[in-house]
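K.L.:
Return a 3D structure for these sequence lines:
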Amino acid sequence: MPAVTPAEIAAAIRNVPDFPKAGIQFKDITPLLADARLFAGTIDLLCDGFKPGAVDAVVGIDARGFIFAAAAAVKLGAGFVPVRKKGKLPYQTHEEEYSLEYGTATVAMHVDALKPGARVLLIDDLLATGGTAAAAASLVKKLNAQILEVSFLIELKFLNGREKLKGYEVSSLVVY
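P.N.:
This next block holds a predicted model:
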């Protein structure tokens, strides 16, 4: 299968104006997911620089981040660890609250999800303001694991989300 470029990935992402509310330009990734070549190539690019055995766990953020993180975990021969919204995990959790435009939200991870020193690749579909990713990174650190990189399919650069991820290696395949 030929390599996929970030330009091809960007071309497959559909812009949906005024969703979920007026003024929002929603980035719809479903056309990308529906194309086997582009989806596989996206996973290859998200894993670029890592070989099987170099990563102990791939942490994915609820919900679309799960799609990419789980596939990356399989490719890298690593475990998959979900970061979910508060109240969605069945066992004991660590929680991290973060700020939204109006109010707060909380994400959680099982207390035994990562071993101390585990090498982690943190993946999500979208970097916007960075609050969710920073909260997920904080959960990883609570378990004394090491984040090798924080990777995103899409970055909305104008929202300055990278500012909340200072100190981490951050990569994004498509930047708007």
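K.L.:
Distance check, the residue nearest the centre of the chain against residue 161.
P.N.:
What sits nearest the mean C-alpha location of the chain, by Cα atoms, centre = their mean, is residue 124, with 1.3 Å. According to Cβ to Cβ, to the nearest Å, residue 124 and residue 161 sit 10 Å apart. All C-beta atoms are positioned from the backbone trio N, CA, C, and that covers glycine.
K.L.:
just residue 90 next, same as before
P.N.:
Residue 90 is 30 Å from residue 161, by Cβ to Cβ.
K.L.:
now swap in residue 48 and tell me
P.N.:
In terms of Cβ to Cβ, residue 48 sits 20 Å off from residue 161.
K.L.:
Out of those two, name the residue with the larger neighbour count.
P.N.:
Set side by side, residue 48 and residue 161 show more neighbours around residue 161, with 22 against 11, by other Cβ atoms under 10 Å.
K.L.:
OK, contacts around the closest residue in space to that one that isn't next to it in sequence?
P.N.:
Closest residue to residue 161 apart from its sequence neighbours, by Cβ to Cβ, 6 or more residues apart in numbering: residue 130 at 3.2 Å. Residues near residue 130 by Cβ atoms under 8 Å, 6 or more residues apart in numbering: 159, 160, 161, 162, 163, 164, 165.
K.L.:
Count residues in the vicinity of the fifth one, would you?
P.N.:
Spelled out, it's residue 163. Neighbours of residue 163 using other Cβ under 10 Å come to 10.
K.L.:
repeat for the fourth one
P.N.:
The burial count assigned to residue 162 is 17, neighbours taken as other Cβ under 10 Å.
K.L.:
one step back: which ones among the contacts of residue 130 are found in helices?
P.N.:
The members of these all map outside helices under DSSP state H.
K.L.:
Nearest to residue 54 among the residues you listed?
P.N.:
Residue 54 lies nearest to residue 165 out of the contacts of residue 130, by Cβ to Cβ, at 20.6 Å.
K.L.:
Can you mark which positions in the one helix or strand residue 95 maps to are buried?
P.N.:
Using DSSP states H and E, residue 95 sits in strand 93-100. Across strand 93-100, burial judged by 16 or more other Cβ atoms under 10 Å covers 93, 94, 96, 98.
K.L.:
With stretch 44-51 instead?
P.N.:
45, 46, 47, 50.
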